[in-house]
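1. Quick one: sequence and predicted model below, then my questions.
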Amino acid sequence: MNTDLLRILPETILVVAGILVMLIDASLPPRAQRRGLIWVAAPGTMLALWASLIQLRLDPGTAFFGAVETSPFTIFFHVLICGIVLVALLLAYDTLPRDSHHQGEFYALVLFGASGMCLLTGAVELLVVFIALEISSISTYILAGYRKHTGKGPEAAIKYFLLGSFATGFLLYGIALIFGATGSTQIYEVAHKAASAQNHTFIVLALMLMLVGILFKVSAAPFHVWTPDVYEGAPSPVVALLSTAPKAAAFALLLRVLYQMLPDLRSLWMPLLWVIAAASMTIGNLAALRQQNVKRMLAYSSIAHAGYLLAAFAGLADKGIAAAAFYIAAYAAMNVGIFAVVTLISGYDEHLPLVADFRGVLYRSPLLGSLLIFFLISLIGIPFTGGFFGKFYSFSAAVGGGAVVLAIIGLLNSGVAAAYYVRLAVTVAQKPENGMSQAALPVPQIGVAVGAALLFTVGATLWLGIAPEPILRAAENAAHALQ
Amino acid sequence: MHLILFIVFAGLCLAGALNLLLQKHPINSALSLVVVMTSLAVLYLLLGAEFLAAAQIIVYAGAIMVLFTFVIMLLNAGREERTLGSKAAVALGFPAVAAILAVIATVILKAQDLGSVSLSDGITSTEELSRVLFHELLLPFEVTSVLILIAILGAVSLARKGHGDQEAGK
């Protein structure tokens, strides 16, 4: 087969699977159940994952006149994104309302969005970056508004859409200025021109504008305000996806722009990201302390985790990129896992949204309760979980890059964060009150699909915490590919 | 001549954009957007980008704005109400925009050694354009179709009322 086509094989498979889901969905009788479409969506994602692994055999290089690239870096993120999407699909299969007609569209949107995210990690042409980012964003805007009957669903979607489009506008302005300054939008050519340029003011301005767009997508502080509202209003299975996969893709873009396109400006962007990392951690954690709603709390926690991750950007190229890539994998495993558990406990319609409502979950459903506590332990960053090594590598990369103070701020923040994670864990473990309300609650059912999803996330979190070497080596290979 | 045309249409463009923000009725805003789009097309023409100018008129001023006005009329949108929040947004937004504009303007004015990117001399032929579009930028061009597909799918899924909604909403 043509190598150009092989280099976009995972994206192609995801798009084809999405179109198949869409066509079958349209040809089914109106009253028929749409759940069975998972048998197209899930194998399609697995096939895309397999196709990404096949790309390991290709020599690293670009295709389509330098528009996309295959390298260990892109493969690392492709596998990660396909894994997240697979778990999110399985979770949605068991938790979306069974007779909803929107199930087919849901799967199709997830698959199309995944193709955009995969393409974003491989794009080395800023035009492709922009289009891929829009594909991933638009599909998540729509998914965020999936609970149309609630007041908060459409609110979340509209806020996300308006702010997201505004942020993309900044990114586009930045890309236009990059073209103005260097006469090219191909990342390698831009890197080449920027390295030999005498005067960097124009490129710096472009970089600032691009950073606004990208940091919005990873919900780093000052651009984080949308996160709690969107996470609260969007259905939990969607939040499991949108708090991880698009962020992983956006972080991949951030790594590429900073370390590959403009590495010479490190003395400029490093202090900037230092401040943003510290602000994200602190603002996220302090705000999370005050939240009563579980999903809002987890939203602020994800802002804080974006901060821990950005701390890795203070590191030098090889260590910093590897630490960031590893952290993304660890964060994705535990965050998808905890949102899967939260979905099962509070239900698709979220009849139990508050921390107080989680009281006695451990007694109602020992399995879910202990899983929730396990993921909370990983989010705190206790050894033998992925969260520990993620933070460890990130902070040691920061120290290696000379940002000792940032690592200390990170450690202090981890202490603050433990407070609200432990509060939720303790609530879960408390004996239920003898009131009627608790006894009347049904025990959440765990289906086969969601069981597999949980097994996968727990396994990944444990694996990253006990034997992180293989993933770390993959992350280091990814880091080498980017330099 | 070039300069006069530029000043006239750039001014018109800015005036239209400001009017777009300040008008209270959505229809007036939409019509101001037509002014912005058309004067932008003239600016493109002055830069020697004939194809872009024509596409701007046909696609934006023609198709998209017609759709905009249709939707506004069908929805029967009324006048905007000014709330405390929107007044605060105006009070903060305009200085913020002015500040960003000042920064960008300073950088552009100070940049001396900018390379010039020239569009081709004379009229750009369709052949040249299609070479860029279907050869060098083939992938972004094709991938845009996925973007449009998602937009359609999303519009359908947001607009349609499935009967599953009632059950889920109870």
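-> Sure thing, it's come through.

2. residues in contact with the most centrally placed residue in chain B?
-> With distances taken as CA atoms, centre = their mean, residue B:37 lies nearest the centre of chain B, 7.1 Å away. Contacts for residue B:37 (CB atoms under 8 Å, 6 or more residues apart in numbering or on different chains) come out as B:56, B:57, B:60, B:61, B:65. Using the backbone N, CA and C atoms, a C-beta is placed for each residue, glycine as well.

3. can you rerun that using 6 Å?
-> Residues near residue B:37 by CB atoms under 6 Å, 6 or more residues apart in numbering or on different chains: B:60, B:61.

4. mind checking the SS state of it?
-> helix (DSSP: H, G, I helix; E, B strand; the rest coil).

5. I'd like the distance between the residue nearest to residue A:53 when sequence neighbours are not counted and chain B.
-> Distances taken as CB to CB, 6 or more residues apart in numbering or on different chains place residue A:79 nearest to residue A:53, at 6.8 Å, with adjacent residues excluded. Applying CB to the nearest CB, to the nearest Å, the value for residue A:79 to chain B is 21 Å.

6. mind checking the SS state of residue 32?
-> Went with chain A since none was named. Assignment for residue A:32 (three-state DSSP): coil.

7. Over to residue A:402?
-> Following three-state DSSP, we place residue A:402 in the coil state.

8. what pLDDT does residue A:81 get?
-> Per-residue pLDDT puts residue A:81 at 96.

9. no, scratch that, I was asking about residue B:147
-> Predicted confidence (pLDDT) for residue B:147: 95.

10. And for the nearest residue to it once chain neighbours are set aside, the neighbour number?
-> What sits nearest to residue B:147 in space, not counting adjacent residues and going by CB to CB, 6+ apart, is residue A:135, at 5.1 Å. Look at residue A:135: counted by other CB atoms under 10 Å in any protein chain shown, it has 29 neighbours.

11. What is the helix or strand containing residue A:135 packed up against?
-> According to DSSP states H and E, residue A:135 maps onto helix A:126-144. Other elements packing on helix A:126-144 under the criterion 3 or more CB pairs under 6 Å, 6 or more residues apart in numbering or on different chains; DSSP states H and E are helix A:103-122, helix A:152-182, helix B:138-159.

12. Do me a favour and average the pLDDT over it.
-> Helix A:126-144 shows a mean pLDDT of 94.

13. Grab the longest helix from chain B for me.
-> Determined from DSSP state H, the single longest helix within chain B is helix B:84-110.

14. That helix vs helix A:152-182, what angle?
-> 10 degrees (axes from the mean of the first three to the mean of the last three CA atoms, to 10 degrees).

15. Now do helix B:84-110: distance to the chain's middle.
-> Distance, stretch centre to chain centre, for helix B:84-110: 19 Å (CA atoms, centre = their mean, to the nearest Å).

16. can you list the weak-confidence ranges in the chain?
-> As the question left the chain open, I've gone with chain A. A:1, A:101, A:434-442 (pLDDT under 70).

17. could you do chain B instead?
-> Those would be B:112-124, B:161-170, if you go by pLDDT under 70 across chain B.

18. Might you report the residue contacts of the residue in the stretch 301-450 of chain A that chain B sits nearest to?
-> Chain B sits closest to residue A:349 of the stretch 301-450 of chain A, with a gap of 6.3 Å, by CB to the nearest CB. By CB under 6 Å, 6+ apart, no residues touch residue A:349.

19. cool, residue A:448 as well?
-> Here residue A:448 is in contact with no residue (CB under 6 Å, 6+ apart).

20. what's the residue closest to the geometric middle of chain A?
-> Judging by CA atoms, centre = their mean, chain A has its centre closest to residue A:244, at 1.8 Å.

21. How about that one, nearest residue that isn't a chain neighbour?
-> Using CB to CB, 6+ apart, the nearest residue to residue A:244 is residue A:332, at 4.2 Å.

22. tell me the SS of that neighbour?
-> helix.

23. can you count the residues close to it?
-> 26.

24. Now do the same contact list for it.
-> With CB under 6 Å, 6+ apart, residue A:332 has these contacts: A:84, A:244, A:248.

25. Report the contact partners of the nearest residue to residue A:403 once chain neighbours are set aside.
-> In space, and not counting its chain neighbours, residue A:403 is closest to residue A:314: 3.7 Å by CB to CB, 6+ apart. Each residue near residue A:314 by CB under 6 Å, 6+ apart is listed here: A:270, A:274, A:398, A:401, A:403, A:406.

26. Whichever strand or helix holds the first one: what's the following helix or strand?
-> I take that to be residue A:270. Taking DSSP H and E as the definition, residue A:270 sits inside helix A:266-289. Using DSSP H and E, the helix or strand that directly follows helix A:266-289 along the chain is helix A:294-311.

27. List of residues touching that following helix?
-> A:218-220, A:224, A:227-228, A:231-232, A:243, A:273, A:276-277, A:280-281, A:284-285, A:287-288, A:291, A:324, A:327, A:331, A:342, A:355, A:391, A:394, A:398, A:406, A:410, A:417.

28. right, and the residue nearest to residue A:53 touches residue A:54 too?
-> No - the criterion here is CB atoms under 6 Å, and residue A:79 misses it with residue A:54 at 11.3 Å.

29. from memory residue A:385 sits against residue A:376, does it?
-> No - under the criterion of CB under 6 Å, residue A:385 makes no contact with residue A:376, lying 9.8 Å away.

30. if we can go back for a sec, extract the C-alpha set from the helix holding residue A:135 and format it as CSV.
-> Below are the C-alpha coordinates for helix A:126-144, written out as CSV (Å, rounded to 0.1, in the frame of the first residue of the first chain):
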residue,chain,number,x,y,z
LEU,A,126,-0.6,24.4,10.8
LEU,A,127,-3.5,24.3,8.5
VAL,A,128,-4.1,20.6,9.3
VAL,A,129,-3.6,21.5,13.0
PHE,A,130,-6.4,24.0,12.8
ILE,A,131,-8.8,21.7,10.9
ALA,A,132,-8.1,18.7,13.1
LEU,A,133,-8.6,20.8,16.2
GLU,A,134,-11.9,22.0,14.9
ILE,A,135,-13.0,18.4,14.1
SER,A,136,-12.2,17.4,17.6
SER,A,137,-13.7,20.5,19.2
ILE,A,138,-17.0,20.6,17.3
SER,A,139,-17.7,17.0,18.0
THR,A,140,-17.1,17.6,21.7
TYR,A,141,-19.3,20.8,21.7
ILE,A,142,-22.2,18.7,20.4
LEU,A,143,-21.5,15.8,22.8
ALA,A,144,-21.4,18.2,25.7
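
31. Great, nothing more from me.
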